[in-house]
Structure formats: structure tokens, C-alpha cells
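Enquirer: Fold the stuff below for me.
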Amino acid sequence: MGEFSQVKAAATCSALSDKAHSMVVRTRRVLQAARDEPGDHDLHQCLGMLSSRLQQLGHHASQLGYLISDASVVHSQFGDMLQFGLADCQTGLTIVSDGFDAGGSVADDRDAVTGYLSFAAAFVGLFVLAGQLLIIETEQEQKSKLVNPGAKAIVNAAHSSLERLLSFSYKIRN
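Expert: Purely as a prediction, here's the structure:
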């Protein structure tokens, strides 16, 4: 992927925030259309939660961009994790967007909405963790926090949520 660049990472965060916020608008439109028709109340509730979680994702992506720009240090291992995490989030948001482009059929697919919700929640967690690590002022302390089992679990959860989205997206297309 190349060497970590704070400038590129911050710009990526801004793009992710914009994409997440545009998905909030789209999700709300789909939810409004779904509410106008009788249907699965639980699914409508999941769509509402997805909209909220995407809004949180956009907020945390924006905040992360500011923290990346202002960070005095970024340990190389942490930079690699950030770079891969941001790329994974871009991929995931593209899958979510494509799901909504599929003629709005996502409003009828509980598995898709649940997968999107899981993805957004996992990446909110990853961005919160990254923000916490970025305010640490020594590379050694960043590294020690990054290898903590709790931090590893958050990173793995985000990656796993993307893998599930990729698998689900593949099944839909084939």
C-alpha cells in the first residue's frame, strides 16, 4: 500500500465522512418509502438504526481526520493499521452504496441491512480506537496500546465485518 501519509489519511477521512453522510440521506429516503408501505416493522427499525450508525460513522471519520492531521507521532505499525482500516471502510461504504443502488431492494432485505449495520458499528469502534491512539504522544505507547488484546479485537471486528459484507455482496451478484 505504500508509506503512511497523514495528509492522505486525513483527506480519506474527509471523503469517508462525506460518503457516510450521503448514505444517511439515502437511508432515510428508503426508510421513509418503506414506512409508507406496510411491511416488516423490525426491518424498518434496522433501517433507522443504520441511518443513525452511518451518521456516527461520518462524525467519527471527520473527527479522525482532524486528529490525524494534528498528530505529533504515528507509529509505523499504527499507520499501517490506519491505512488498511481506511481502505477497508472505503470498500465497505461502496458495498453499502451499491446495495442502495440496487433499485431500493435493500429495504426488503433484512440480512443486507443487518450486515450494513454491523459494518458501520465495527468501523465506528475502529475510528474511536484510532482517535484514542492518536492523542498518545509517543510511538512506543501507541504501539503498546495497539497490541493490547482489546485493541486487536476492535481491529479484527472491523476487518471481519468487511469480509462478511464482501461475501454477502458476492452472493447477491452471483
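Enquirer: Centre of the chain to whichever strand or helix holds residue 145, how far?
Expert: Using DSSP states H and E, the element containing residue 145 is helix 139-146. Put simply, helix 139-146 sits 23 Å off its chain's centre (Cα atoms, centre = their mean, to the nearest Å).
Enquirer: go on, stretch 86-106?
Expert: 11 Å.
Enquirer: Show residues contacting that stretch.
Expert: Stretch 86-106 has contacts (Cβ atoms under 8 Å, 6 or more residues apart in numbering) with 1, 9, 12-13, 15-16, 19-20, 23, 26-27, 30, 33, 54, 57, 61, 109, 112-113, 116, 119-120, 123, 126, 158-159, 161-162, 165-166, 169, 172. All C-beta atoms are positioned from the backbone trio N, CA, C, and that covers glycine.
Enquirer: From those residues, which land in helices?
Expert: The helices, defined by DSSP state H, take in 9, 12-13, 15-16, 19-20, 23, 26-27, 30, 33, 54, 57, 61, 112-113, 116, 119-120, 123, 126, 158-159, 161-162, 165-166, 169, 172 from the contacts of stretch 86-106.
Enquirer: before we move on, the earlier item: same for the helix holding residue 145, what does it pack against?
Expert: Helix 139-146 makes packing contacts with helix 76-101, helix 110-134 when contacts are defined by 3 or more Cβ pairs under 8 Å, 6 or more residues apart in numbering; DSSP states H and E.
Enquirer: What about residue 7, how many residues nearby?
Expert: The local packing of residue 7 (other Cβ atoms under 10 Å) involves 9 other residues.
Enquirer: Pull the contacting residues for the nearest residue to it once chain neighbours are set aside.
Expert: With sequence-adjacent residues excluded and distances taken as Cβ to Cβ, 6 or more residues apart in numbering, residue 7 is closest to residue 69, at 7.7 Å. Taking Cβ under 8 Å, 6+ apart, we find residue 69 in contact with 6, 7, 10.
Enquirer: before we move on, what about residue 4?
Expert: 74, 76, 79, 80, 82, 83.
Enquirer: rerun at 6 Å
Expert: Neighbour list for residue 4: 79, 83 [criterion: Cβ atoms under 6 Å, 6 or more residues apart in numbering].
Enquirer: Residue 23 is in contact with residue 54, correct?
Expert: Yes: assessed by Cβ atoms under 6 Å, residue 54 is found in contact with residue 23 at 4.9 Å.
Enquirer: Compare those two and say which is more crowded by neighbours.
Expert: Between residue 54 and residue 23, residue 54 has the larger neighbour count (other Cβ under 10 Å), namely 28 against 23.
Enquirer: the bottom helix or strand of this protein by mean pLDDT?
Expert: Using mean pLDDT, DSSP states H and E, helix 149-173 stands out as the lowest-scoring helix or strand of the chain, at a mean of 87.
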